[in-house]
Every structure is written in C-alpha cells, then in structure tokens.
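*Asks:* Turn this into a structure:
(chains A and B)
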Protein chains: 2
Amino acid sequence: MIKDNTVFVGNKPVMNYVLAVVTQFNNGAEEVAIKARGKAISRAVDTAEIALNRFLENVSKKEIFTSTEMIDTDTGKTNVSSIEIVLAQSK
Amino acid sequence: MIKDNTVFVGNKPVMNYVLAVVTQFNNGAEEVAIKARGKAISRAVDTAEIALNRFLENVSKKEIFTSTEMIDTDTGKTNVSSIEIVLAQSK
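*Replies:* Next up, the predicted model:
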C-alpha cells in the first residue's frame, strides 16, 4: 500500500485537484493529504468537499491542520497561512 | 462567562476580524468560532493564525470543521464550501 500521498492545491481549476485525490485513492492510498497556502486554501477545502461528496466512498476527513509559514518574496519575508486536510480510508 | 461566540468572516480586511476575535476573548469568552464560506475561507484561516500568533495568549485551536452548504443564487442552487475554526482558552 502507498502511504502519505500529498496533493498541493494551487491556481488550477478545482476539478484537477479532485481528480488527483481520487486517483491516489484508486491507486491504493490509505491516506491523502491536501495542502494549500494563501488564497488557494478555499480551493483546498472545495477539493476535499467535492471529492468526499461526489466521488469517494468509505473515505472521510481524518484531520485538518492550519499553520503559518514564512516565505521569501521580492519585498522581504512575509507570513502566509496554510492548511492541510487529511482524508483517510474508513476502516 | 459568555460562551459560543461566532465571528463570520467576509470580504473586509482581515484585521477587522482579528480584532473581533480578540475582543470576544477579552470580554471573557471561553470559545470563539470563526466561520466563513467560499473564497473567504482563506481569510478565516488568516484570522485564526494572526489572532493566535500575535494577540492571544493561552488560546489554542480546538477544532476545525469543513462542510458543504447549498445556497440559492439568481441562477439556481449551488454548493459552497464552509469552514469553522474553534479557538478556545487553554485550561
């Protein structure tokens, strides 16, 4: 079994990420982590909700974490919020 | 003690919501729930992170929920993701 797969959510259409998540479960993943930073956070939540409600059976939200990351930009360091939503096969 | 306070995060600058959360704790709230829908979700995470990292002591994230809500629009019903971040006084 493959463990600890991660899907990074960015600025592409949400269905791209939903497909990535569903594919990982179909390939035998027991858990998939959906991660995003900044404005993509809302798209990460959409990804998890759509995958769970429309595509995945026997999978549920296991944990949700939020944190703050410091990133370098042209104008210096800045803080950005991040989220990690872990989906897991129900036993 | 006041319980079960809620701050709804929308499209205003994030510090407005940070101030609302901090004020509720300063007024004696034991828990404050930060809620948002759609694109405001990332701002809700920012609100929680900024409040915790810069303003609040002895307060921590207690729970994070995400869900899907059906809302009516001009063009019919649509689904929108929502988040609820519960901050609570540490014992």
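
*Asks:* does the residue nearest the centre of chain A have beta-bridge partners, and which?
*Replies:* Centroid-nearest residue in chain A: A:Ile34, 1.3 Å away (criterion: C-alpha atoms, centre = their mean). Per DSSP bridges, the residues bridged to A:Ile34 are A:Val7, A:Ile85.

*Asks:* From A:Arg54, how far out is A:Phe25?
*Replies:* Counting by C-beta to C-beta, to the nearest Å, the separation of A:Phe25 from A:Arg54 is 13 Å. C-beta: built from backbone N, CA, C; applies to glycine.

*Asks:* hmm, I was thinking of A:Asp46
*Replies:* From A:Asp46 to A:Arg54 the distance is 11 Å (C-beta to C-beta).

*Asks:* Give me the residues contacting stretch A:59-75.
*Replies:* For stretch A:59-75, the surrounding residues in contact (C-beta atoms under 8 Å, 6 or more residues apart in numbering or on different chains) are A:25, A:31, A:37, A:48, A:51-52, A:77-90, B:45, B:48-49, B:53, B:61, B:64-66, B:85.

*Asks:* Need the mean per-residue confidence for that stretch.
*Replies:* The average pLDDT for stretch A:59-75 rounds to 94.

*Asks:* So what's the gap between that stretch and the chain middle?
*Replies:* 10 Å (C-alpha atoms, centre = their mean, to the nearest Å).

*Asks:* got it, and stretch A:43-53?
*Replies:* Worked out by C-alpha atoms, centre = their mean, stretch A:43-53 lies 8 Å from the chain centre.

*Asks:* Nice, that's everything, thank you.
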